[in-house]
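Trainee: coords below, sequence missing:
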């Protein structure tokens, strides 16, 4: 299965969901490995069911995975200076549409995740009291391709939240900021939000 490269870090959030929710700044590699294996095993038995019932898949992602993301902060990052210019109503609507977009993105990417890969977990190097950490791993594919993956996490009310991810030098936030800003420059923020609502919210 060929994945869109920008989705890989957030597939990785999905398979690490239980350990990230309770992880210390330096989560043990063995715990992460066991978590990945368990989640992929559980998913394997439900892929056909979830493909036939995408709304159930979206509900599962919303319930179990979205809480691991710092969506308010991510929304600010991807809009950049346009977040500061947005009205409170526009901010709320954008964040709702962005969340719906991510849920659908998660769904397609998670169902397409190849569980024949080998994941190598790198040690987290950060002080014990760090409020921001980078979680690194390398995905080794059966075809010999190695894909480095990073997750950027920070603490929000004593919980780790993911606010960005990258494959190599390709950042999720930077990628979407470029796409969104291009549309905003052409047609304005209201047009972007309206398009996202029609595509991801109105037809949910």
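Mentor: On my side now, so go ahead. These numbers were taken from a predicted model, which means no experiment stands behind them.

Trainee: Stretch 180-195 - what's its average pLDDT?
Mentor: Averaged across stretch 180-195, the pLDDT comes to 97.

Trainee: outside of it, which residues touch it?
Mentor: For stretch 180-195, contacts defined as C-beta atoms under 8 Å, 6 or more residues apart in numbering pick out 78, 79, 80, 82, 85, 86, 90, 93, 94, 97. Heads up, the C-betas are built off the backbone N, CA and C, glycines and all.

Trainee: residue ranges with poor pLDDT in the chain?
Mentor: For the chain, applying pLDDT under 70 flags the ranges 1-43, 113-115, 202-204.

Trainee: longest helix of it?
Mentor: helix 88-111 (DSSP state H).

Trainee: Tell me the helix or strand right after that helix.
Mentor: For helix 88-111, the following helix or strand on the C-terminal side (DSSP states H and E) is strand 118-121.

Trainee: Who are the packing partners of that next one?
Mentor: Secondary-structure packing of strand 118-121 (3 or more C-beta pairs under 8 Å, 6 or more residues apart in numbering; DSSP states H and E): helix 29-44, strand 132-140.

Trainee: ok, how many other residues are close to the residue nearest to residue 138 when sequence neighbours are not counted?
Mentor: Excluding the flanking residues, the one nearest residue 138 by C-beta to C-beta, 6 or more residues apart in numbering is residue 120, at 4.4 Å. Other residues lying near residue 120 total 14 when counted by other C-beta atoms under 10 Å.

Trainee: ditto for the one 3 residues further on
Mentor: Burial of residue 123 is recorded as 11 neighbouring residues (other C-beta under 10 Å).

Trainee: Ok, residue 188 next?
Mentor: 12.

Trainee: same check, this time on residue 86
Mentor: Considering only other C-beta under 10 Å, residue 86 is surrounded by 20 other residues.

Trainee: Name the residues that touch stretch 87-94?
Mentor: Applying C-beta under 8 Å, 6+ apart, the contact partners of stretch 87-94 are 75, 79, 83, 86, 189, 190, 192, 193, 196, 197.

Trainee: pretty sure residue 103 contacts residue 69?
Mentor: No. Using C-beta atoms under 8 Å, residue 103 is not in contact with residue 69; the gap is 10.4 Å.

Trainee: one step back: so the residue nearest to residue 138 sits against residue 147, correct?
Mentor: No. Using C-beta under 8 Å, residue 120 is not in contact with residue 147; the gap is 10.5 Å.

Trainee: shared neighbours of these two, anything?
Mentor: Taking C-beta under 8 Å, 6+ apart as the criterion, residue 120 and residue 147 both touch 138, 139.

Trainee: which SS state does residue 162 fall under?
Mentor: Of the three states, residue 162 takes strand according to DSSP: H, G, I helix; E, B strand; the rest coil.

Trainee: Tell me the buried residues in the top strand by length along the chain?
Mentor: Among the segments of the chain that qualify as a strand by DSSP state E, the longest is strand 146-156. Across strand 146-156, burial judged by 16 or more other C-beta atoms under 10 Å covers 147, 149, 150, 151, 152, 153, 154.

Trainee: May I see those residues organised as TSV, with distance to residue 180 added?
Mentor: Formatted as TSV, the buried residues of strand 146-156 follow (distance: C-beta to C-beta, whole Å):
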residue	distance to residue 180
147	25
149	23
150	22
151	21
152	19
153	23
154	22
